[in-house]
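In: Got a sequence here, can you build the structure:
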Amino acid sequence: MVPHLITALTGPINELEQRILDTTPAIERWFRLEWMEHTPPFYSSVDVRNAGFKLAPVDTNLFPGGWDHLTTQMLPLAVQAAMAAIEKICPEARNLLVVPEHNTRNPSYLANVLQLKQIFHQAGLNVRFGSLSPDIKEPTKVELPSGESLVLEPLIRTDRRLGLKNFDPCTILLNNDLSAGIPGMLEDLHEQYLLPPLHAGWSVRRKSNHFKAYEEISKRFGKLLGIDPWLINPMFAHCGGVSFADGQGMECLTTHVDALLSRIKRKYKEYGINEKPFVMLKPDNGSSGQGVITVHDAKELEALGRKTKAKPGAARDGTPAADMLIQEGVLTNERIEGAVAEPVVYMMDRYVVGGFYRVNAERGVDENLNAPGARYEPLAFSDNGRLPQNGQKPGSSAPNRFYMYGVVARLAMLAASYELEATDPDAEVYD
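Out: Predicted coordinates for the structure are as follows:
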């Protein structure tokens, strides 16, 4: 189920690790029963933060890029998971159409979609790339710095199907998070499987819905393990219609930031944690890592408002007010060569297939690492690919530590499944 990879940390959080290892059979059974009732997202990645006293997901991406950062040793797992996923959805599938981001000239991003092609090719599918960009009017070869290349082709839409010239796919894989809205070309495709579904895109999806689902799951999982769910759950609040430029929604923001910081302070006191609480302000939709702000005190919001207003044309640029997620800040205790790091866990169907560390030497332990200056350190398999070692002292075994990361990432993936069910426009309603 979960590859056991080398982690950079052999620090505290040992009690939680021990509890998870002791409860492994019950945990795996619990997940198995959940997946009998719920459909996992086709693929996903989860940013996990390990504070040493708390381990929690802080972001879940349903259109993961970065597949090129996985090591070659991880690919067989990804191929097996891809086979399992395709078998469930369209067992007779021959062709897979991948629709990438508009920003398809970025070499790093293109290396990611090329890796996806390799995974699905090995899983037994013919894979081609269809571009939504109006600039792609004929098959266009794009060379990558690695010497590899890929061909982007213009999409062809018929009445009920989407494809390419002489290429009619059973399944369409979106690697485009639809943050710019849903293109008409992708709507009403009732004869093909569109994965992930349109309502997984950021034009519909909201982080607050995701973390609400995760909060419920963490309570049930906490009960199973006999732990305080706070140890795996980042508390959060939500404010609608916030604009720093014209002061709109600032009262709501200040109230919620203040209340959340007080709740975190109480938890720190309860567990004897000698750290300064902080919250992360994030746009409620979008996954680019832009617009993420660290706040230690509600008074800082006033200064932020003034700073935004002082920018030339700030109040006149017509930036619409945005919904904001106020999330409990989770420190990261991870380091690689002295730089702050966080694990990112990759999944396909219900399986963990690998991961890497996002490392950013320019950022602090309480900051967003998905920012300029980030680099990626692939996680290599531990030397002998061991399963979790039951007799090992907590904190001393890399496979045990990564198993724990995989459990938390799968909880976030399950929350995404609940979230997609709740927002599905075509869901059947039973009275």
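In: make it CA atoms for all contacts and neighbour counts henceforth
Out: Fine.
In: Return the longest helix in this structure, judged by number of residues.
Out: Ranked by residue count under DSSP state H, the longest helix found in the chain is helix 398-423.
In: Please pull out the lowest mean pLDDT helix or strand from the protein.
Out: helix 300-310 (a mean of 75; mean pLDDT, DSSP states H and E).
In: Off-centre distance for that helix?
Out: Between the centre of helix 300-310 and the centre of its chain there are 30 Å (CA atoms, centre = their mean, to the nearest Å).
In: how about the following helix or strand past that helix: buried residues?
Out: Going down the chain from helix 300-310, the next helix or strand is strand 322-328, by DSSP states H and E. By neighbour count on 16 or more other CA atoms under 10 Å, the buried set for strand 322-328 is A322, D323, M324, L325, I326, Q327, E328.
In: Kindly report the same for stretch 353-367.
Out: Quick answer for stretch 353-367 (16+ other CA under 10 Å): 353-361, 363, 365-367.
In: tell me how far stretch 267-283 is from the chain's mean position?
Out: 22 Å.
In: in that stretch, what counts as buried?
Out: Y268, P277, F278, V279, M280, L281, K282, P283.
In: now do stretch 128-136
Out: Quick answer for stretch 128-136 (16+ other CA under 10 Å): R128, F129, G130, S131, L132, S133.
In: right, and L260 touches L253 too?
Out: No. Using CA atoms under 8 Å, L260 makes no contact with L253, being 10.5 Å away.
In: Could I get the phi/psi values of the nearest residue to L162 once chain neighbours are set aside?
Out: Excluding its sequence neighbours, the residue lying closest to L162 (CA to CA, 6 or more residues apart in numbering) is I156, at 5.9 Å. Main-chain torsions, I156, degrees, to the nearest 10: phi -120, psi 120.
In: Could you do L189 as well?
Out: phi -100, psi 80.
In: what do you get for Q248?
Out: phi -70, psi 130.
In: so who does it touch?
Out: Contact partners of Q248, counting by CA atoms under 8 Å, 6 or more residues apart in numbering, are G241, V242, A321.
In: What helix or strand is the first one located in?
Out: To tie it back to what came earlier, the one meant is G241. G241 belongs to strand 236-242, assigned by DSSP H and E.
In: per-residue confidence averaged over that strand?
Out: For strand 236-242, mean pLDDT is 93.
In: Run the chain-centre distance for that strand.
Out: With CA atoms, centre = their mean, you get 20 Å for strand 236-242.
In: which residues are contacting it?
Out: In contact with strand 236-242 (CA under 8 Å, 6+ apart) are residues 208, 211, 248-250, 252-253, 256, 260, 321-328.
In: So V48 lies in a strand, does it not?
Out: Yes. Using DSSP: H, G, I helix; E, B strand; the rest coil, the secondary structure at V48 is a strand.
In: E334 versus that one, what's the distance?
Out: 11 Å (CA to CA, to the nearest Å).
In: intersection of neighbour lists for these two?
Out: E342.
In: still on that earlier bit, what pairs with the strand holding G241, parallel or antiparallel?
Out: strand 322-328 (antiparallel) (DSSP bridges).
In: Which ones among the buried residues of stretch 128-136 map onto strands?
Out: R128, F129, G130, S131 (DSSP state E).
In: And the helices in the stretch 201-350 of the chain?
Out: With helices called from DSSP state H, counting those that start in this stretch, the stretch 201-350 of the chain shows them at 207-225, 250-270, 300-310.
In: Just give me the neighbour total for T158.
Out: Using other CA atoms under 10 Å, T158 has 10 neighbouring residues.
In: Which pLDDT value belongs to it?
Out: 92.
In: Please apply the same query to L21.
Out: Note for L21: predicted pLDDT of 88.
In: related to what we said a few turns ago, with the buried residues of stretch 128-136 in mind, which one is nearest to P145?
Out: F129 (18.9 Å; CA to CA).
In: Could you tell me the model confidence score at that closest one?
Out: Looking at F129, its pLDDT is 97.
In: Contact partners for it?
Out: Counted by CA under 8 Å, 6+ apart, F129 has contacts L97, V98, V99, P100, V151, L152, E153.
In: circling back to that earlier point, can you pull the buried residues of the strand holding G241?
Out: Buried residues in strand 236-242 (16+ other CA under 10 Å): F236, A237, H238, C239, G240, V242.
In: Name the residues linked to the second one by a beta bridge.
Out: Each beta-bridge partner of A237 is listed here: I326, as defined by DSSP bridges.
In: just to revisit the earlier point, with pLDDT and distance to A123 as added columns, please give the buried residues of strand 322-328 in CSV.
Out: Shown next, in CSV, are the buried residues of strand 322-328 (pLDDT from 0 to 100; distance: CA to CA, whole Å):
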residue, pLDDT, distance to A123
A322, 85, 41
D323, 91, 40
M324, 92, 40
L325, 95, 38
I326, 96, 41
Q327, 97, 38
E328, 97, 40
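In: can you put these in JSON lines and add distance to E28?
Out: What follows is the buried residues of strand 322-328, written out as JSON lines (distance: CA to CA, whole Å):
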{"residue": "A322", "distance to E28": "39"}
{"residue": "D323", "distance to E28": "36"}
{"residue": "M324", "distance to E28": "35"}
{"residue": "L325", "distance to E28": "31"}
{"residue": "I326", "distance to E28": "32"}
{"residue": "Q327", "distance to E28": "29"}
{"residue": "E328", "distance to E28": "28"}
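In: so where's this protein shaky on pLDDT?
Out: Residue ranges of the chain with pLDDT under 70: 1-13, 287-290, 308-320, 379-399, 428-431.
In: what are the ranges of the strands in the stretch 51-200 of the chain?
Out: 55-61, 95-100, 126-131, 140-143, 149-154, 156-157, 162-163, 171-175, 193-195 (DSSP state E, counting those that start in this stretch).
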